[in-house]
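Asker: The following block contains a protein sequence and its predicted model.
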Amino acid sequence: MKHGKKYVESSKLIDRDKLFTPGEAFDLCIRTAKAKFDETVEIHLRLGVDSRYAEQQVRGAVILPHGSGKKVRVLVFARGEQAAAAQKAGAEFVGADELVAKIQNEGWMDFDVVVATPDMMSVVGGLGKILGPRGMMPAPKAGTVAADAAKAVTEIKSGKIEYRLDKTNIVHCAIGKVSFGKEKLEENFSTLVQAIVKARPAEFKGQYVKSCTVASTMGPGIKVNMAPFVGGHGGDT
């Protein structure tokens with residue numbers, strides 16, 4: 001893959017064979033972000049588990065202390081008092097069967113996160129083939145199947161993000177913007193990583209965290225030493 005001049009210049013600042021501390025990594029991440037827009041900073045965490053096995057799935061949610069920097073549009077499936085409360089909490093879209101039909105029949109997808117009260121899951125279940133592949137299907141582990149819809153919306157709006165393992169056993173998450181600065185990015189990073197380490201499947205034996213890379217939207221990847229978080233190997237390549 002051919003990279004642009006700015007990417008090539010930024011890459012020269014990074015020692016590809018070195019594992020950096022989170023602070024060093026985010027300092028480099030900010031220095032190598034050359035785009036004219038406020039680039040998103042992402043973490044790519046490779047785990048030793050195998051996503052093909054249900055008991056080795058890693059999925060959950062965590063509230064980042066400084067938020068993700070992204071404006072999140074929330075769709076809530078609820079009725080009655082729960083629907084009214086969700087709307088008051090700031091949900092952009094609230095409804096029931098009519099929203100299911102809009103998604104199924106019109107291909108409407110103008111939202112980022114989907115929340116549902118438990119009683120609505122029988123209705124939302126029909127959207128599995130649409131929302132599932134996009135990682136947007138409400139789930140108890142992610143806190144998006146919630147008995148208190150308003151609380152769920154408030155948490156999402158205040159910086160709650162979901163993490164989940166993909167088919168290649170990597171967790172990809174946006175943890176902020178370059179404009180956050182090194183300290184805030186590092187705090188968000190630590191909060192997310194600690195949650196993922198805590199979510200280690202009880203049955204899994206072996207090296208849980210294999211490697212970690214952070215990067216801005218247009219910048220090169222920077223390897224992070226994970227030893228302080230996992231108490232063992234800092235990650236391989």
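Answerer: Noted; the coordinates are in hand.
Asker: Which stretches in this structure count as helices?
Answerer: 5-11, 22-31, 80-88, 97-106, 121-124, 128-131, 149-157, 182-198, 227-230 (DSSP state H).
Asker: Figure out which of those helices is closest to Lys70.
Answerer: Smallest distance to Lys70 across the helices of the chain (Cβ to Cβ): 10.8 Å, for helix 149-157. In this view, the C-beta of every residue, glycine as well, is placed from N, C-alpha and C.
Asker: who's the residue nearest the centre of the chain bridged to?
Answerer: For the chain, the residue nearest the mean C-alpha position is Cys173 (3.5 Å; Cα atoms, centre = their mean). Beta-bridge pairing of Cys173 under DSSP bridges involves Ile43.
Asker: Any regions of the chain where pLDDT drops low?
Answerer: Within the chain, the segments meeting pLDDT under 70 span 1-13, 231-237.
Asker: the domain parsing of it - what is it?
Answerer: Domains of the chain are assigned by automatic domain parsing as 5-67+160-230, 74-157.
Asker: Spatially nearest residue to Ala146 (excluding sequence neighbours)?
Answerer: Ala152 (3.8 Å; Cβ to Cβ, 6 or more residues apart in numbering).
Asker: how deep is that neighbour tucked in, by neighbour count?
Answerer: By the criterion of other Cβ atoms under 10 Å, Ala152 has 28 neighbours.
Asker: Quickly note the distance from it to Gly143.
Answerer: Distance of Ala152 to Gly143, computed by Cβ to Cβ, to the nearest Å: 6 Å.
Asker: Let me have the helices of the chain in a markdown table, extended by distance to Gln207.
Answerer: What follows is these, written out as a markdown table (distance: least, Cβ to Cβ, whole Å):
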| stretch | distance to Gln207 |
| --- | --- |
| helix 5-11 | 28 |
| helix 22-31 | 19 |
| helix 80-88 | 42 |
| helix 97-106 | 40 |
| helix 121-124 | 36 |
| helix 128-131 | 33 |
| helix 149-157 | 32 |
| helix 182-198 | 12 |
| helix 227-230 | 8 |
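Asker: for the ones you listed, which one sits closest to Gly48?
Answerer: Nearest of the helices of the chain (Cβ to Cβ): helix 227-230, 10.3 Å.
Asker: same for the closest one, what does it pack against?
Answerer: Applying 3 or more Cβ pairs under 8 Å, 6 or more residues apart in numbering; DSSP states H and E, we find helix 227-230 packed against helix 182-198.
Asker: I'd like the distance from the helix it packs on to the chain centre, please.
Answerer: Between the centre of helix 182-198 and the centre of its chain there are 12 Å (Cα atoms, centre = their mean, to the nearest Å).
Asker: try stretch 50-67
Answerer: 9 Å.
Asker: In that stretch, which of the residues would be classed as buried?
Answerer: Across stretch 50-67, burial judged by 16 or more other Cβ atoms under 10 Å covers Ser51, Gln56, Val58, Arg59, Gly60, Ala61, Val62, Ile63, Leu64, His66, Gly67.
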